[in-house]
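Asks: got a sequence here, can you model it:
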Amino acid sequence: MTAGRAPLRVLVAEDQKVVRDGLVALLRMLPGIEVAGAAVDGDDAVRQALALAPDVVLMDLHMPGCDGVEATRRITRERPGIHVVVLTSYSDDASVLAALRAGARGFLTKDAGAADILDAVSAVAQGKALLDPGIQRRLVEVIVSGAIPGGPDAGAWPDGAGTGGLTRREAEVLAEIAAGLSNAEIAAKLFISDTTVKTHVNHLLVKTGMRDRAQLVGYAYRLGLAR
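Replies: Numbering: from 1, shown residues only. Here you go, the predicted structure:
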């Protein structure tokens with residue numbers, strides 16, 4: 001950071017307390033960085049980002065409820081001046097593209113070091129983009145090969161609310177389908193009716209272009225909704 005320049009204000013969004021506390025502690029040791037706040041999930045990240053107006057949000061990708069992709073989309077839509085760096089354990093192609101489409105300008109895996117995080121935060125604050133080298137290579141490979149996750153061959157759907165264009169509830173239902181739950185079990189777990197589950201399943205089939213539940217399971221894995 002240049003002498004006399006105001007520190008970059010960074011908001012951390014991470015649902016796991018141990019990881020969140022560790023990131024806050026690490027950021028506080030970095031030169032020219034001020035921790036603006038720490039959000040416990042995607043909805044909290046949106047609320048705090050709009051209230052605190054940080055320069056950068058360091059965003060976990062996979063969080064319950066409103067995930068990092070949707071939180072990124074909402075933040076960048078409401079406050080284009082706030083930049084997002086995704087920090088995640090998962091670097092699958094679909095996650096990378098979904099985050100970038102949502103407005104993220106940096107993408108790091110959670111094994112990134114302090115210097116990597118400082119470089120990414122500083123770069124995006126200046127309007128640049130910074131991807132982890134491994135992620136960048138993989139992204140170039142899939143673009144060159146034409147195997148774009150979410151493209152026509154993968155049952156594409158338009159951008160919209162929720163994970164990959166799905167609503168939050170549709171994403172939750174899809175994750176439970178991938179976990180092997182029946183409609184009745186999903187209804188009981190999510191506290192909704194069997195009829196509502198069936199409606200969500202039908203919407204999922206239409207939106208994704210999949211033919212049956214078996215294909216939905218594969219689709220959920222490609223999205224990173226199942227592991």
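Asks: neighbouring contacts of stretch 12-19?
Replies: With contacts defined as Cβ atoms under 8 Å, 6 or more residues apart in numbering, stretch 12-19 is touched by 20, 23-24, 27, 35, 37-42, 44-45, 57-60, 63-64, 68, 71, 87, 110. C-betas here are computed from N, CA, C, even on glycine.
Asks: do that again at 7 Å, thanks
Replies: Residues outside stretch 12-19 that contact it (Cβ atoms under 7 Å, 6 or more residues apart in numbering): 20, 23-24, 27, 35, 38-42, 45, 57-60, 63-64, 68, 71.
Asks: before we move on, what about stretch 102-112?
Replies: When contacts are defined by Cβ under 7 Å, 6+ apart, stretch 102-112 is touched by residues 69, 72-73, 76, 83-89, 91, 96, 99, 116-117, 120, 123-124, 129-132, 135.
Asks: from the contacts of stretch 12-19, which land in helices?
Replies: In helices, defined here by DSSP state H, the members of the contacts of stretch 12-19 are 20, 23-24, 27, 42, 45, 68, 71.
Asks: if we can go back for a sec, among the contacts of stretch 12-19, which ones are buried?
Replies: 20, 23-24, 27, 35, 38-42, 45, 57-60, 63, 68, 71 (16 or more other Cβ atoms under 10 Å).
Asks: average pLDDT across stretch 129-136?
Replies: Stretch 129-136 carries an average pLDDT of 74.
Asks: now do the strands in this structure.
Replies: When assigned using DSSP state E, the strands of the chain occupy the ranges 8-13, 33-39, 56-59, 83-88, 106-109, 130-131.
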